[in-house]
Each structure stands twice: as structure tokens, then as C-alpha cells.
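A.B. asks: Only the shape, not the letters, is given here:
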């Protein structure tokens, strides 16, 4: 992997690109830490300003509100996962092996901090995405925001993985539905194992990510390799 990576998001979640300035990067760094610690409901720009030694007005020059900041953080996460999937699979010729590697990336994304992005701790961001990302999509404004391109990153990753399915089985009729289900399950099963264990057989241990990976591979390939006549 390169010494450093730069993930730029080109949509309307921000007023000024935060990666372009030291203050913007500090806003991103500390907002991730604070949302993880406080929860999104208790997180405010006033608290963030106090933490970074700045003013609320300076933060509002980057983000119109905290919802749009969360959109940015979740979008950045999915763009980073897509980058990581691309990097780790580009030399794998077999589509089944590529898809297996991609699932491993999904389930292990929160295990390690990527040193190539110095100002974002992906382990903490992962916890924020698991706990808070539904609040990005489940809003009254979702259709308007979708038209404005707020969710291109998650859709791009979903399409990327769906194309791997079609390489394996061109006749499979639900590649995007299956991948979006797996992407959600990659987070939910880890969350359930830790907090709601009666909802899953996966245990909260040092092997939780590995067990989740095996379950998702089973789910994926059971569907892809099914002999069912989909046209019936």
C-alpha cells in the first residue's frame, strides 16, 4: 500500500472540504472520537468547538449541521472500504477468491487502524458507522439527499461487489440486494455478538470477525450457487 492515501468526497455534505485544511482535519479527527464516546444525539458542535479550541462558527463553515457531518464520516468510511477492497483484490484473477477477500475486508475493517491516513482512526470510525450510520439513511430527507449524490460511496461499493457476483453467476438475479444485505450483516452480526447475543450464534471473542466472515461467505455462496430456477 502507498505511503499515504487521499480520499476526496465530491458531494454536498460539506461547505468546505475538511481534508484541505488543518482545522478541517482536526474537526474530522475529534468528531469521530466524540461521537463514539457520547453518541450522536449528545454530540454537538458546541462541544466539538470546545474540544478543538475553536468556535462553533468555524465548524459551521465546513458543515451546515451535524447530520451532514455524519453523512461525510459514513461516506468517507465506505469510500475507504472500497479503496481497500480494490487494492487487496486487484491481483486476484479468480472472482470467487476476489469476493472472499472482499468479505474479509468488510468484516475486518474495524480491526486495525490504517496508518496511511494519519488523522482518522478507522477502528473508532468503524464503531461510529456500526452504531450511527442508520441515522444517515433513515431520514425524511433521504430521497432528496440521494438525488444530490450523498450516498454515492456506499452505492459504488455495493455495485463493485455485485459485479463480482455476476462474474461468478451471470444468471443470479439479485446481486445488489444480496450484497447490500451482506454489507449490513457484516456490521450487525458483530454488534449483535457483543450487545444482543441471543440474536446470533456468533460469539463475542477474539475470533468474532473470523466467524462473521465464514457466516457471510456461507450466506453468499449458498445463494450464488443455488440450483433454484429463479424464473419460477
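C.D. replies: Done, it's in. As the structure is a computational prediction, the values presented were derived from the model and not from experiment.

A.B. asks: and the residue nearest the centre of the chain, what does it touch?
C.D. replies: Centroid-nearest residue in the chain: residue 78, 3.8 Å away (criterion: C-alpha atoms, centre = their mean). Counting by C-beta atoms under 8 Å, 6 or more residues apart in numbering, residue 78 touches 153, 154, 156, 157. C-beta here means a position set from N, CA and C on the backbone, and glycine is covered the same way.

A.B. asks: Residues in contact with the one helix or strand the third one maps to: which ones?
C.D. replies: When secondary structure is defined using DSSP states H and E, the element that contains residue 156 is helix 152-168. With C-beta under 8 Å, 6+ apart as the test, helix 152-168 has contacts from 9, 11, 74-76, 78-79, 81-82, 85-86, 95-96, 98-99, 102, 172, 175-176, 178-180, 182-183, 220, 224.

A.B. asks: Which of the residues you listed fall within helices?
C.D. replies: Mapping the contacts of helix 152-168 onto helices (DSSP state H) picks out 74-76, 78-79, 81-82, 85-86, 95-96, 98-99, 102, 175-176, 178-180, 182-183, 220, 224.

A.B. asks: picking that back up, ok, of the contacts of helix 152-168, which come out buried?
C.D. replies: Buried members of the contacts of helix 152-168, counted by 16 or more other C-beta atoms under 10 Å: 9, 11, 74-76, 78-79, 81-82, 85, 95-96, 98-99, 102, 172, 175, 178-180, 182-183, 220, 224.

A.B. asks: Show me where the chain has its helices.
C.D. replies: Using DSSP H, the helices of the chain run over 22-38, 45-52, 56-60, 66-89, 95-108, 122-132, 134-137, 142-147, 152-168, 175-195, 208-224.

A.B. asks: what's the closest of the ones you listed to residue 201?
C.D. replies: For the helices of the chain, proximity to residue 201 was assessed by C-beta to C-beta; helix 208-224 is nearest, at 8.1 Å.

A.B. asks: Let me see the mean pLDDT of the closest one.
C.D. replies: For helix 208-224, mean pLDDT is 93.

A.B. asks: Any buried residues in it, and which?
C.D. replies: Neighbour counts over helix 208-224 (16+ other C-beta under 10 Å) mark 208, 209, 211, 212, 213, 215, 216, 217, 220, 221, 223, 224 as buried.

A.B. asks: for stretch 122-142, same thing?
C.D. replies: Judged by neighbour count (16+ other C-beta under 10 Å), stretch 122-142 contains these buried residues: 122, 124, 125, 126, 127, 128, 129, 130, 131, 132, 133, 136.

A.B. asks: Output the helices of the chain in a markdown table, with distance to residue 201 appended to each entry.
C.D. replies: Shown next, in a markdown table, are the helices of the chain (distance: least, C-beta to C-beta, whole Å):
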| stretch | distance to residue 201 |
| --- | --- |
| helix 22-38 | 27 |
| helix 45-52 | 39 |
| helix 56-60 | 43 |
| helix 66-89 | 25 |
| helix 95-108 | 15 |
| helix 122-132 | 19 |
| helix 134-137 | 23 |
| helix 142-147 | 33 |
| helix 152-168 | 24 |
| helix 175-195 | 9 |
| helix 208-224 | 8 |
